[in-house]
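1. this is the structure alone, sequence omitted:
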């Protein structure tokens, strides 16, 4: 439930300003680094939603794509 609420809020805020996109990205990145698997899975799902909707978010994520892959898939 919290994942859905946060995703909806994040997607809505990202439409308002690129500053919100950057804040959302930083928050999601910090959650992705946590040790708890369910938190990382929820974060991955939110990233998927925001990635589909925001060009700025896609650019930010692609800047650190190797690290993103390591955090989601494990060390390659």
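-> That came in fine, so what should we check first? Everything numeric in this text was worked out from a predicted model, so none of it was measured.

2. just give me the longest helix of the protein.
-> Assignment by DSSP state H gives helix 37-53 as the longest helix of the chain.

3. distance check, the residue nearest to the spatial centre of the chain against residue 59.
-> Of all residues in the chain, the one closest to the mean position by CA atoms, centre = their mean is residue 47, 3.3 Å from it. Counting by CB to CB, to the nearest Å, the gap from residue 47 to residue 59 is 14 Å. (C-beta placed from N, C-alpha, C; glycine too.)

4. before we move on, back to that, the longest helix of the chain: which residues count as buried?
-> 40, 42, 43, 46, 47, 49, 50 (16 or more other CB atoms under 10 Å).

5. helix or strand right after that helix?
-> Going down the chain from helix 37-53, the next helix or strand is helix 55-63, by DSSP states H and E.

6. and the helix or strand that that next one is followed by, how far from the chain's centre?
-> Of the helices and strands lying after helix 55-63 in sequence (DSSP H and E), the nearest is helix 65-73. Distance of helix 65-73 from its chain centroid, counting by CA atoms, centre = their mean, to the nearest Å, is 12 Å.

7. what stretches of this structure score poorly on pLDDT?
-> 1-15, 75-76 (pLDDT under 70).

8. name the nearest residue to the residue nearest to the centre of the chain, sequence neighbours excluded.
-> In space, and not counting its chain neighbours, residue 47 is closest to residue 28: 5.6 Å by CB to CB, 6 or more residues apart in numbering.

9. which SSE is the one you found in?
-> Assessed by DSSP H and E, residue 28 sits inside helix 18-32.

10. in that helix, what counts as buried?
-> Buried residues in helix 18-32 (16+ other CB under 10 Å): 20, 21, 24, 25, 28, 29, 31, 32.

11. stretch 64-76 now?
-> Buried, per 16+ other CB under 10 Å, within stretch 64-76: 68, 71.

12. show residues contacting it.
-> Residues from elsewhere that reach stretch 64-76 (CB atoms under 8 Å, 6 or more residues apart in numbering): 29, 32, 33, 40, 44, 61.

13. now those as JSON lines including distance to residue 71?
-> Converted to JSON lines, the contacts of stretch 64-76 look like this (distance: CB to CB, whole Å):
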{"residue": "29", "distance to residue 71": "8"}
{"residue": "32", "distance to residue 71": "5"}
{"residue": "33", "distance to residue 71": "6"}
{"residue": "40", "distance to residue 71": "7"}
{"residue": "44", "distance to residue 71": "9"}
{"residue": "61", "distance to residue 71": "11"}
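
14. I'm done for today, thanks for sticking with me.
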